[in-house]
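Participant: any chance you could fold what I've pasted below:
(chains A and B)
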Amino acid sequence: MKIRLRYFAQLREQSGLEFEDRDTPCLRVDELWEEVAQAHGFTLAPRQLMAAQNDEFCAWDAPLEPGATVVFMPPVAGG
Amino acid sequence: MTFQLTEAPLESLGPMVPPPSCGAVVVFHGLVRNHNEGKAVEALDYSAYPELALKEGQRILEEAQARFGLVAARAVHRIGALRLGERAVVVEAATAHREEGFEACRWIIDEIKARVPVWKQEHYLDGSRDWVACHRCAHPGHRH
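Facilitator: A predicted model of the protein is given here:
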């Protein structure tokens, strides 16, 4: 299915991308992480990340929705 | 009850005007400090995932309203390049009495720091840069 990913912070730095459109065979968010981590050589571990789908936090094992926007978020540091 | 992101300096943000039922407004200013974890900081960059930051920030204020009887609140987080001493975030909590105002203000900033998708990259005097992690991340068992 087609998925758009948006990258921020370390992931933006490591991929060199603000966003990416992928056609993925993955069915779950965690599987998608494995795919993009391998493709871009991301150094962050899943336990350090939060995930969002269509601008809302989602579970790590959430099913991917076709056409969704997925964001993997490095450790936040606001405030 | 609003959570906002802005690139404009927070020093020129006017005060929140509370409803007349409020006897207290407790204000927090988060500033860019000149050191972090033993390193001398020169400047920093804040960036955000705006759609989700605004939603989660709004939820935090609404949760504070329910927990502390907050009458009104405003939280504004600046993004972009900031220099030492500049305000990074302002939280204002307006309540009938000061007790819950202090509690709400503290709770709100603690939650913002743990939950809102904003990232900080520090620039150090030695020329290096580093991404900063949530402070709770250092504690065993804490995870997002």
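
Participant: CA only for contacts and neighbour counts going forward, please
Facilitator: Will do.

Participant: distance of the residue positioned nearest the centre of chain A from chain B?
Facilitator: Centroid-nearest residue in chain A: A:Phe72, 3.5 Å away (criterion: C-alpha atoms, centre = their mean). Distance of A:Phe72 to chain B, computed by C-alpha to the nearest C-alpha, to the nearest Å: 10 Å.

Participant: again, but for A:Ala51
Facilitator: Here A:Ala51 is placed at a distance of 9 Å from chain B (C-alpha to the nearest C-alpha).

Participant: that residue and A:Leu64, how far apart?
Facilitator: According to C-alpha to C-alpha, to the nearest Å, A:Ala51 stands 11 Å off from A:Leu64.

Participant: what do the two both touch?
Facilitator: Listed as contacting both A:Ala51 and A:Leu64 by C-alpha atoms under 8 Å, 6 or more residues apart in numbering or on different chains are A:Val29.

Participant: SS state for B:Ala64?
Facilitator: At B:Ala64 the chain is in helix, as set by DSSP: H, G, I helix; E, B strand; the rest coil.

Participant: ignoring the adjacent residues along the chain, who's closest to it?
Facilitator: B:Ala104 (6.1 Å; C-alpha to C-alpha, 6 or more residues apart in numbering or on different chains).

Participant: chain B contacts on chain A?
Facilitator: Residues of chain A found near chain B (C-alpha under 8 Å from any C-alpha of the partner chain) are A:8-10, A:47-50, A:55-56, A:73, A:75-79.

Participant: on that earlier part again, quick one: residues contacting the residue nearest to the centre of chain A.
Facilitator: Contacts of A:Phe72 by C-alpha under 8 Å, 6+ apart are A:6-7, A:33, A:49-52.

Participant: inside helices: which ones of these?
Facilitator: With DSSP state H as the criterion, helices contain A:Trp33 from among the contacts of A:Phe72.

Participant: tabulate the contacts of A:Phe72 (a markdown table), appending distance to B:Val32 and pLDDT.
Facilitator: Below are the contacts of A:Phe72 laid out as a markdown table (distance: C-alpha to C-alpha, whole Å; pLDDT from 0 to 100):
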| residue | distance to B:Val32 | pLDDT |
| --- | --- | --- |
| A:Arg6 | 27 | 98 |
| A:Tyr7 | 25 | 98 |
| A:Trp33 | 33 | 98 |
| A:Leu49 | 25 | 96 |
| A:Met50 | 25 | 96 |
| A:Ala51 | 28 | 98 |
| A:Ala52 | 28 | 98 |
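
Participant: can you give me the neighbour number for B:Thr2?
Facilitator: Residues within reach of B:Thr2, counting by other C-alpha atoms under 10 Å in any protein chain shown, total 15.

Participant: helix/strand/coil for the residue nearest to it when sequence neighbours are not counted?
Facilitator: Leaving out its chain neighbours, the residue that sits closest to B:Thr2 by C-alpha to C-alpha, 6+ apart is B:Arg74, at 5.0 Å. Of the three states, B:Arg74 takes strand according to three-state DSSP.

Participant: contacts only, for B:Arg74.
Facilitator: Contacts of B:Arg74 by C-alpha under 8 Å, 6+ apart are B:1-3, B:16, B:61, B:90-93.
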